[in-house]
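Novice: from the sequence below, what's the structure:
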Amino acid sequence: MKSNIAEGFQEIREQNIMKVKEAKEQGQKMVGLYCTYCPKELVLAAGAIAVGLCGTREEPIAFAEKHLPRNLCPLIKSSYGFAVSDTCPYFHFSDLIIGETTCDGKKKMFELMADLKETVVMNLPQNPLQEASLELWASELRRVKELLEERFQTELSDEKIRAAINLTNREARVMKRLYDLNKARPALISGLDMLTVSWQVGFNVDREEGIGMLEDLITRVQENAAQGGTAGAAATPRILLTGTPVGLGSEKIIALVEESGGLVVVMENCGGYKTVDILADESDQRDPLRVLAEKYMKIPCSVMSPNRGRLELIDKMIDEFQIDGVIDLTWQACHTYNIESFWVSDLVKQKGLPFLQIETDYSASDRETLRVRIEAFLEMVK
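Specialist: Okay, here's the model as predicted:
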């Protein structure tokens, strides 16, 4: 089923490398982003290509550990490893990197990265309930806007920013429509297929083309469902995966769940459902930077304190996606997600569902140990 459902998405990253090279040769600018808090609307308004660079593969980590401690988060080490080894063409072609102070490890890593490529780090406030946080983030957006204008010799007018807001809102809406297909029971798309689609489409140089591909996929999945095609049976354990970001190369938990007879029907994390419901208000005629600041301050990431929004979202997703069990994934040394697991566990148990917290890294060394734990968890679900 994977080859049919995800057809056309598996090779987007590789195919778009040539498109990026051609665009660069024609003078187009490119900006690398590392987080959902990074304002891609401003990059798009500047006429540049915005591409996510977060590292999700183990191979570059050895290069990173020459500079970074071994007991650091694998996402940070992989991200820096790609950069320092010059093995990520998207980093290579980027004219500018935008980072953010989401965690201590990343903000110090960006100091090292600045020796490799021009890097601007945004100061992310971490109390979403304070007006001062909103003011600070709006000022950071203005700083980046002015930097982009100077760096790329262009003007980011309100009209350009609003057009970019419209585009990113349409992207979010179509991605939500795709995710929501799995509210059906049996589910219509496997977790691995969903990850392939959501991760790969982020590398699409032509964002309108990406939206079209997603709309076409939704139609194909619906037509397949009309003919009885599903990703599992009605009795297949339906798992919600929450926690740290997952991408191609770090999908071992999803793979193990589905190899063991379960199905990851939805992911709450950064590349999943966390942001698809958070849109900038296009009818708001105030300063678009203020509107964007309000949007980004609603993202319920574990770096925020307090972060009740994540629990509210998980609670809602459990009901809407008919979840049978929840797995909370923490990458090694990610302290904010590790601590929040206490509250997630309490919520899930109050809902009367089985809960499993997993702390691991990108390596395959613990794969069989994790398989045993996941199989036992799925038995509890059944």
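
Novice: mean pLDDT per helix and strand in the chain: which one sits at the bottom?
Specialist: helix 2-5 (a mean of 57; mean pLDDT, DSSP states H and E).

Novice: just checking, next helix/strand downstream of it?
Specialist: helix 12-25 (DSSP states H and E).

Novice: need the contact list for the residue nearest the centre of the chain.
Specialist: Closest to where the C-alpha atoms of the chain average out (Cα atoms, centre = their mean) is Gly271, at 2.3 Å. Taking Cβ atoms under 8 Å, 6 or more residues apart in numbering, we find Gly271 in contact with 195, 198-199, 202, 245-247. C-beta coordinates here come from the backbone N, C-alpha and C atoms, glycine included.

Novice: partner residues bridging Val51?
Specialist: Note on Val51: beta-bridge partners by DSSP bridges are Gly32.

Novice: and it, how many residues sit next to it?
Specialist: By other Cβ atoms under 10 Å, 23 other residues sit near Val51.

Novice: check whether it really touches Arg207, as I assumed.
Specialist: No: under the criterion of Cβ atoms under 8 Å, Val51 makes no contact with Arg207, lying 10.5 Å away.

Novice: list phi and psi for the residue with the largest distance to the centre of the chain.
Specialist: Distance from the C-alpha centroid of the chain, by Cα atoms, centre = their mean, peaks at Gln227 (31.7 Å). Main-chain dihedrals, Gln227, degrees, to the nearest 10: phi -100, psi 10.

Novice: could you check the pLDDT of it?
Specialist: With respect to pLDDT, Gln227 scores 95.

Novice: tell me which residues touch it, please.
Specialist: So Gln227 contacts nothing (Cβ under 8 Å, 6+ apart).

Novice: in which helix or strand would I find Glu340?
Specialist: Using DSSP H and E, Glu340 falls in helix 335-350.

Novice: tell me the buried residues in that helix?
Specialist: Buried residues in helix 335-350, counted by 16 or more other Cβ atoms under 10 Å: 336-338, 340-341, 344, 347-348.

Novice: a markdown table for those, including pLDDT?
Specialist: Shown next, in a markdown table, are these (pLDDT from 0 to 100):
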| residue | pLDDT |
| --- | --- |
| Thr336 | 97 |
| Tyr337 | 98 |
| Asn338 | 98 |
| Glu340 | 98 |
| Ser341 | 98 |
| Val344 | 98 |
| Leu347 | 98 |
| Val348 | 98 |
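
Novice: residues contacting Leu240?
Specialist: Here Leu240 is in contact with 264-268, 314, 317-318, 321, 323, 325-327 (Cβ under 8 Å, 6+ apart).

Novice: how near is it to Ile318?
Specialist: Look at Leu240 and Ile318: by Cβ to Cβ, to the nearest Å, they are 6 Å apart.

Novice: check Ile254 too.
Specialist: From Ile254 to Ile318 the distance is 18 Å (Cβ to Cβ).

Novice: where do the strands sit along the stretch 201-350 of the chain?
Specialist: 238-243, 263-267, 325-331 (DSSP state E, counting those that start in this stretch).

Novice: repeat that for the stretch 1-150 of the chain.
Specialist: So, for the stretch 1-150 of the chain - with DSSP E, counting those that start in this stretch - the strands run 30-33, 49-52, 96-100, 119-122.

Novice: related to what we said a few turns ago, and the strands of the stretch 201-350 of the chain, which is most packed in?
Specialist: A comparison of those by mean neighbour count, using mean count of other Cβ atoms under 10 Å, puts strand 263-267 on top with a mean of 27.

Novice: between that one and strand 238-243, how many degrees?
Specialist: Strand 263-267 runs at 40 degrees relative to strand 238-243, counting by axes from the mean of the first three to the mean of the last three Cα atoms, to 10 degrees.

Novice: which stretches of the stretch 1-150 of the chain have low pLDDT?
Specialist: 1-4 (pLDDT under 70).
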